[in-house]
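S.K.: All I have is the shape, not the residue letters:
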């Protein structure tokens, strides 16, 4: 079996799984749907965080945010940064003889001039920023140069779309998805997510989102067509993913599945087991780096939190038992941690912040969560527990259900152990009485897990 030499990693902002390939029938994504039909679609892939920089840093390092150090946004005035930039996959591949290049979105380390980003992260060249057409033009140039070179390449391409972007067409107090170049798309209707109330305003907003997703998909199609035209497709792994969920209320900036569930598609030429597959088991963004390193036999993954997906796909080995999530800082301190199995989830809320941070960048809201029953969102419960089989939208908190006590204790033990394993900074120096009380509650609940006792700090 031949090893594909090259890697083209395509990513975008704020998409979640809002694609035709994931069952959204009203969005126009023919190019990504075709890629999905040719490769492996992971139906239960999850980001480590529901917002941009921490999630991307995990994707590109194979580490959780508590370890890689990006606990918030990397641009000013926030300024979070990787503890060790040499853990970036570009460094690993560059040392293995790859030509490495970044085009478009860079949001996984501190925002600096392109030349400094390149040196710090292990890229031979960085051209950050740009709208869709700029990203496509620069990627076409990079692929043309790669086709003429006798050197494997790692090309990391990030689309800004479908991030919210200001437009002269926005109503006062609202930032939508149109920007300068996007047109709304409701030709096939609109798919208002079930965690939002289906109203005319919500439909207007989702039509804009669908237009932005279609706009991004066209850019992906242009790049994949160029990859084929240059004769590189048969020797290039193509990865497509996004950072986290949709920039809608009760999605982005929450640890619900709508916030951390992501599209993940890999096309691996020369490996029949990866062709036209769907994998239902849990996978995490931290699994992507070790997977790519194994598929290209380019470097040892070393100390990463993730596990290669090769055995899951090619040998049908079991998927991971748990996927973990965290939120610490976005626009303000709102610490949360979560652990999810195939059918249930526990969320720990360590502050008295509103139940769901607002990701809309707007004063006014067009989309309203279905569970908003009063005049305000209120503060979060200390712990939340959901049966995802019966309640996929996570609307019915079962934390007080006596029939779930043992299962909740099992999840609490897993979450507590993960926080210890990652040296989670939230375990020390509580920032508030609520923070301290939440840690105590988690520890006590974890201790109640009789079937698998764990060592806890004194």
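M.R.: Cool, got the structure. Quick caveat: nothing in here was measured; it's all calculated off a predicted structure.
S.K.: these two touch, right, residue 192 and residue 201?
M.R.: No - the pair residue 192 and residue 201 does not pass the contact test of Cβ atoms under 8 Å, sitting 10.1 Å apart. Where C-beta positions appear, they are placed from N, C-alpha and C, glycine not excepted.
S.K.: Mind listing the shared neighbours of the two?
M.R.: Taking Cβ atoms under 8 Å, 6 or more residues apart in numbering as the contact rule, residue 192 and residue 201 both touch residue 367.
S.K.: neighbour count winner among these two?
M.R.: A direct count of neighbours by other Cβ atoms under 10 Å for residue 192 and residue 201 places residue 192 higher, at 19 against 15.
S.K.: So that one lies in a helix, does it not?
M.R.: No - checked against DSSP: H, G, I helix; E, B strand; the rest coil, residue 192 lies outside a helix; its state is coil.
S.K.: From residue 262, how far out is it?
M.R.: 20 Å (Cβ to Cβ, to the nearest Å).
S.K.: same deal with residue 26?
M.R.: Applying Cβ to Cβ to residue 26 and residue 262 gives a distance of 20 Å.
S.K.: higher neighbour count, those two?
M.R.: Higher neighbour count among residue 26 and residue 262: residue 262, with 27 against 17, using other Cβ under 10 Å.
S.K.: was I right about the more buried one contacting residue 240?
M.R.: No - using Cβ under 8 Å as the test, residue 262 is too far from residue 240 to be in contact (10.2 Å).
S.K.: quick one: stretch 348-363 to chain centroid distance?
M.R.: Relative to its parent chain, stretch 348-363 has a centroid offset of 18 Å by Cα atoms, centre = their mean, to the nearest Å.
S.K.: buried sites along that stretch?
M.R.: Within stretch 348-363, the residues scored as buried using 16 or more other Cβ atoms under 10 Å are 348, 349, 350, 351, 353, 355, 356, 357, 358, 359, 360, 362.
S.K.: Next: stretch 33-41.
M.R.: 33, 34, 35, 36, 38, 39, 40, 41.
S.K.: The fourth one: helix or strand, and which one exactly?
M.R.: Take DSSP states H and E as the rule and residue 36 turns out to sit in helix 30-38.
S.K.: Could you name the helices and strands sitting against that helix?
M.R.: helix 200-229, strand 236-242, strand 264-267 (3 or more Cβ pairs under 8 Å, 6 or more residues apart in numbering; DSSP states H and E).
S.K.: can you give me the angle that helix makes with helix 200-229?
M.R.: 60 degrees (axes from the mean of the first three to the mean of the last three Cα atoms, to 10 degrees).
S.K.: What mean pLDDT does helix 30-38 get?
M.R.: The average pLDDT within helix 30-38 is 98.
S.K.: any residues touching it, and which ones?
M.R.: Helix 30-38 is contacted by residues 19-21, 217-218, 220-221, 224, 238, 240, 263, 265, 267, 275-276 when judged by Cβ under 8 Å, 6+ apart.
S.K.: Give me the PyMOL select line for those, limited to the buried ones.
M.R.: Here is the PyMOL command that selects the buried residues among those (16+ other Cβ under 10 Å):
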select buried, resi 19+20+21+217+218+220+221+224+238+240+263+265+267
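S.K.: Let me know the closest of the contacts of helix 30-38 to residue 328.
M.R.: Nearest to residue 328 out of those is residue 263 (Cβ to Cβ; 24.2 Å).
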